[in-house]
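Trainee: Any chance you could fold what I've pasted below:
(one chain, ligands or ions: 1)
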Amino acid sequence: MTTTITLTGAGGQIGYALLFRIAAGDLLGPDEPVRLRLLEIPQGLGAAEGAALELQDGAFGLLEHVEVTDDPAVGFDGADLALLVGARPRGPGMERGDLLAANAGIFGPQGAAIAAHAASGVRVTVVGNPANTNALIAAASADGVPAERFTALTRLDENRARAQVAQTLSVPVDEVRQVIIWGNHSATQFPDLSQATVAGQSALDALSTTVGDVRAWQEDSFIPRVAGRGAEVIQVRGSSSVASAASATIDHVRDWVLGSEEWTSAGVVSHGEYGVPEGLISSFPVRSENGSWQIVEGLEIGEWARARIDASVAELLDEREAVRALGML
Ligand code: NAX
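Mentor: The predicted structure follows:
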């Protein structure tokens, strides 16, 4: 059966990197045909239409149809998967409240359009920042669609964290598992190595033989490097993360749809797990079972980790309050 995938912001950078990976079968596998719906704002339509021409020229056997539109009703029609990448970036002089309001004005109506037009089993992944709160707003506006179907991307943070550990230990990145991202996709996120393994052994034990004081290494080096990696890429490359963000989006959606026995991290709705207030979309350790994310429960959280999780969750609460105060939730 053909899967219908809606991509917002399809005329942007991440959209451009994502489209060709999807068409090549990297998302759902080499035997799954896809239909693409590219949703843009009027200023982005030309770029999205250009990408559609190139998709045609790619002669991708799995790609059945591409539609480009600026109408959310058409864009989300029959969507099985919605990738919400398009967002309003922070402009010069824009306060955080302005940014939240501008994005609420995008993600609220998109949530409503998803509820009205998408397939009944739609699964939504929000990439556009502030991703967690945008996902919260979309979920709140999507009457009748369970909040569990709205997620925010924190897989890029996890991939960055795994890569840092692998590089520090000079091991293949595939050997580094169970790295958890907690909280918000922002500078307050907590990349947690307490459960991480390297070739089946404790990552913290392995790291302590390489870096010495592993707590100090996390505080002074690892956490700031992971949380600040987006800024580092901008500084070195002169432009924000694009292909790595697209790749992480593919990882997230593929694991969600096809299942993952391994733990990964995703921004999903809290039911109060680990003391995270109900209803927030926060990053947790998750596993995908039968097509839905399950939070990995029962992990012991030490005092040091608790304070870091709480700080990031406090930021999510602030964002929720700010959006509520604007009357947008
Ligand atoms: P671009 O500015 O290249 O592209 C964004 C596109 O979205 C533009 O073509 C714009 O016209 C379109 N757009 C804006 N409003 C829209 C709407 N209402 N409906 C449909 N399309 C709309 O940004 P890009 O580099 O592609 O990044 C996209 C988003 O990803 C940004 O918000 C960025 O901050 C976020 N990121 C999130 C990451 C994550 O891990 N969650 C990492 C990478 C990235 O920073």
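Trainee: what's the helix or strand for Val68?
Mentor: Per DSSP states H and E, Val68 falls inside strand 63-69.
Trainee: try Ala135
Mentor: In this structure, Ala135 is located in helix 131-141 according to DSSP H and E.
Trainee: helix or strand right after that helix?
Mentor: Taking DSSP H and E, what comes next after helix 131-141 is strand 150-152.
Trainee: what's that next one in contact with?
Mentor: With Cβ atoms under 8 Å, 6 or more residues apart in numbering as the test, strand 150-152 has contacts from 111, 123-126, 131-132, 134-136, 138-139, 142, 185, 252, 256, 266-269, 281, 283, 293. Every C-beta, even on glycine, is put in place using the N, C-alpha and C of the backbone.
Trainee: If we check the ligand, which of these are in contact?
Mentor: 131, 185 (Cβ under 6 Å from any ligand atom).
Trainee: how many other residues sit next to the residue of the chain at minimum distance from the ligand?
Mentor: The ligand sits closest to Gly12 of the chain, with a gap of 1.9 Å, by Cβ to the nearest ligand atom. Using other Cβ atoms under 10 Å, Gly12 has 22 other residues around it.
Trainee: pretty sure it contacts Val85?
Mentor: Yes: look at Gly12 against Val85 with Cβ atoms under 8 Å: they come within range, at 6.6 Å.
Trainee: Just list the residues touching Ala166, thanks.
Mentor: 172-173, 175-176.
Trainee: Select from those the one having the most neighbours.
Mentor: Among the contacts of Ala166, the one with the most neighbours (other Cβ under 10 Å) is Val176, at 24 neighbours.
Trainee: Which residues of the stretch 201-329 of the chain lie near the ligand?
Mentor: Contacts of the stretch 201-329 of the chain with the ligand, taken as Cβ under 6 Å from any ligand atom, map to 230, 240-242, 245.
Trainee: try 8 Å
Mentor: By the rule Cβ under 8 Å from any ligand atom, the part of the stretch 201-329 of the chain lying against the ligand is 230, 239-242, 244-245, 248.
Trainee: For Glu300, grab the count of nearby residues.
Mentor: Other residues lying near Glu300 total 7 when counted by other Cβ under 10 Å.
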